[in-house]
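In: Provide a 3D model corresponding to the input given below.
(4 chains)
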Number of protein chains: 2
Amino acid sequence: MATGWQEIHDEALRRIQSRDWPPGALIPNEAALAREFGCARATVNRALQGLAKAGWLERRRRAGTRVTLSPQRRGQLAIPLIRHEIESKGQIFSHAIITRQTAEMPSPQRAALGLQGAPYAQHVQTLYLADARPFAFEDRWVNLAAAPDFATAPLDRISPNEWLVQNAPFAHGTLDYSAAPANTAGPHLNCQPDTPLMILERRTFGPDAPVTHVRLSYAPNFHLHLKI
Amino acid sequence: MATGWQEIHDEALRRIQSRDWPPGALIPNEAALAREFGCARATVNRALQGLAKAGWLERRRRAGTRVTLSPQRRGQLAIPLIRHEIESKGQIFSHAIITRQTAEMPSPQRAALGLQGAPYAQHVQTLYLADARPFAFEDRWVNLAAAPDFATAPLDRISPNEWLVQNAPFAHGTLDYSAAPANTAGPHLNCQPDTPLMILERRTFGPDAPVTHVRLSYAPNFHLHLKI
DNA sequence: GATTCAAATATGTCTATACATAAACAAAAT
DNA sequence: ATTTTGTTTATGTATAGACATATTTGAATC
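Out: Okay, the predicted model is just below:
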């Protein structure tokens, strides 16, 4: 008899996907399932909670558990360091600092980060390469109030991205993918200014203050892959 | 005293993010934390398992639990039905079938779905609209062997996407976002053929057979948003 | 008829205990 | 020196029982 919560999880998922338990249907309650599988209610609970978190089930106290009507899939999008993304494909990672200077953060970035006043910031443009070929062009503003050490960080060996991941406390952030013409990133990525590129705009916040705003232009043919 | 597993989860996350528990560090074992928080070990376990699943901790039997060195963030990317995506912004959703015909599935789609031979399929082009303005253009091939009823499904009220979600059993699939020129989708989306667009290529598989291949061209200014 | 209140019920969670399992470590055998 | 074997330890998971909490349902009251 299958008693592991994983097995119950898998069997329940099979019933959902095969429509033994059709969308919208109320499934047997935990006690009944525990009896059926010959295990404790807590074990069923563990399995069903996982399915609920993954969006397959909707559970409400007293009302019971039902199969989600139109399951809104959630893709697990892994957001690796660019270095890992490149190295995982067996390519050699490198990066080159194009420009680096301290200045007042311009208005668009300030607005995106919700910063008041005219905070000091460092502006860094970096080219990331895979096997010495351009992979992505990064335009980054770092709020020096939130990460003062960044001003003097040695960015020749370790990339700005990785330095911040390792040295700045992280609380939350947003990602925003869109499509846009290469424009000024074109020359760095060996493509025309009108070439369509994937753009990633990223805002990162520490526990107390916004840390950095990044606009990343991926080289042509980049694609974002998810399994669901 | 905080005894809920959520509270322990949050406190542990705070310690990780504030670097009380720095990257790579071994954290106290479950028994010690249970003592500290005044709860049972199972409660600590519940909290830490969540953090491990979210990528903050790495746990190995006997070796203990340590903070992930360079936490690879996983964004939860919600993949809503287009209808929900539009309606959640308070806009009116509608769709229009542009073309619909049964034919042999062409080679690229066949390859993408891993289909042998020359399976019968239905080809549907659909325009999705938000407040009567083009939102996305869909080019879809449906494997009729996997979803025979689709051939006669009434697609005037319910969109192809939604019909399949509700009527075809689902097992797994892949998503692939990229940037490309609008090309032939341009006229439908009121933009030039060279306008950069976000493209979503989606493959969906049932329990037994591939179901559908979709190429979705989003109108300009579409962006994919994630919080982490 | 409308409102309030009290059961009944399904899930949410904690506890204490037990055993399983993987891995690190050390001791013993080859 | 190398391999094998056993011990220890931390996590993984199951269990029964208990209580908490949300919600439905229906009865009692206004």
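
In: so which bits of stretch A:19-29 are buried?
Out: Residues A:21, A:23, A:27 are the ones in stretch A:19-29 that count as buried (16 or more other CB atoms under 10 Å in any protein chain shown). Heads up, the C-betas are built off the backbone N, CA and C, glycines and all.

In: check contacts around the second one.
Out: Spelled out, it's residue A:23. For residue A:23, the contacting residues are A:67, A:68, A:69, A:70, A:71, B:166, by CB atoms under 8 Å, 6 or more residues apart in numbering or on different chains.

In: quickly list what the spatially most central residue of chain A is bridged to.
Out: Centroid-nearest residue in chain A, with CA atoms, centre = their mean: residue A:79, separated by 4.3 Å. Residue A:79 forms beta bridges with residue B:73, as assigned by DSSP bridges.

In: that one touches residue B:228, doesn't it?
Out: Yes - under the criterion of CB atoms under 8 Å, residue A:79 makes contact with residue B:228 at 6.9 Å.

In: lowest-confidence helix or strand of chain A?
Out: When each helix and strand of chain A is scored by mean pLDDT, DSSP states H and E, strand A:73-79 comes last, with a mean of 70.

In: after it, which helix or strand is next?
Out: For strand A:73-79, the following helix or strand on the C-terminal side (DSSP states H and E) is helix A:82-87.

In: residues of that next one that come out buried?
Out: Going by neighbour count (16+ other CB under 10 Å), the buried part of helix A:82-87 is A:82, A:83, A:85, A:86.

In: touching it from outside, list them.
Out: A:92, A:93, A:128, A:130, A:135, A:136, A:159, A:161, A:162, B:70, B:72.

In: quick one: the residue nearest to residue A:50 when sequence neighbours are not counted and residue A:210, what's the gap?
Out: Spatial nearest neighbour of residue A:50, chain neighbours left out: residue A:9 (5.4 Å); criterion: CB to CB, 6 or more residues apart in numbering or on different chains. Counting by CB to CB, to the nearest Å, the gap from residue A:9 to residue A:210 is 39 Å.

In: neighbour count winner among those two?
Out: Ranked by neighbour count (other CB atoms under 10 Å in any protein chain shown), residue A:9 and residue A:210 place residue A:210 first, with 24 against 20.

In: partner residues bridging that one?
Out: In this entry, residue A:210 is beta-bridged to residue A:205, by DSSP bridges.

In: so what's it up against?
Out: Contacts for residue A:210 were tallied using CB under 8 Å, 6+ apart; they are A:113, A:114, A:115, A:143, A:146, A:203, A:204.

In: quick check, the first one in contact with residue A:214.
Out: No - counting by CB under 8 Å, residue A:113 does not reach residue A:214; the two are 10.8 Å apart.

In: need the residues touching each of those two.
Out: Here residue A:113 and residue A:214 have residue A:203 as joint contacts, going by CB under 8 Å, 6+ apart.

In: phi and psi next, for residue A:18.
Out: When quoted as degrees, to the nearest 10, the phi and psi of residue A:18 stand at phi -90, psi 0.

In: hmm, it is touching residue B:170, no?
Out: No - at 10.2 Å, residue A:18 does not count as touching residue B:170 under the criterion of CB under 8 Å.

In: ok so the residue nearest to residue A:50 is a strand residue?
Out: No - applying DSSP: H, G, I helix; E, B strand; the rest coil, one finds residue A:9 to be helix, outside a strand.

In: any figure for the gap between it and residue A:42?
Out: Distance from residue A:9 to residue A:42, by CB to CB: 14 Å.

In: just give the nearest non-adjacent residue to whichever residue of chain A sits closest to chain B, would you?
Out: Nearest to chain B, among the residues of chain A, is residue A:196, at 3.3 Å (CB to the nearest CB). Spatial nearest neighbour of residue A:196, chain neighbours left out: residue B:196 (3.3 Å); criterion: CB to CB, 6+ apart.

In: my read is that the one you found contacts residue A:179, right?
Out: Yes - using CB under 8 Å, residue B:196 makes contact with residue A:179 at a distance of 4.3 Å.

In: any of the contacts of residue A:210 buried? List them.
Out: The neighbour count (16+ other CB under 10 Å) marks A:113, A:115, A:143, A:146, A:203, A:204 as buried among these.

In: could you look up the SS state of the fifth one?
Out: Think residue A:203. Following three-state DSSP, residue A:203 is assigned to strand.

In: if we can go back for a sec, ok, the residue nearest to residue A:50 - contacts?
Out: Contact partners of residue A:9, counting by CB under 8 Å, 6+ apart, are A:46, A:47, A:48, A:50, A:51.

In: helix or strand for the second one, which one?
Out: When elements are assigned from DSSP H and E, residue A:47 belongs to helix A:41-53.

In: and the following helix or strand past that helix, what does it pack onto?
Out: Of the helices and strands lying after helix A:41-53 in sequence (DSSP H and E), the nearest is strand A:57-60. For strand A:57-60, the packing partners by 3 or more CB pairs under 8 Å, 6 or more residues apart in numbering or on different chains; DSSP states H and E come out as helix A:41-53, strand A:64-67.
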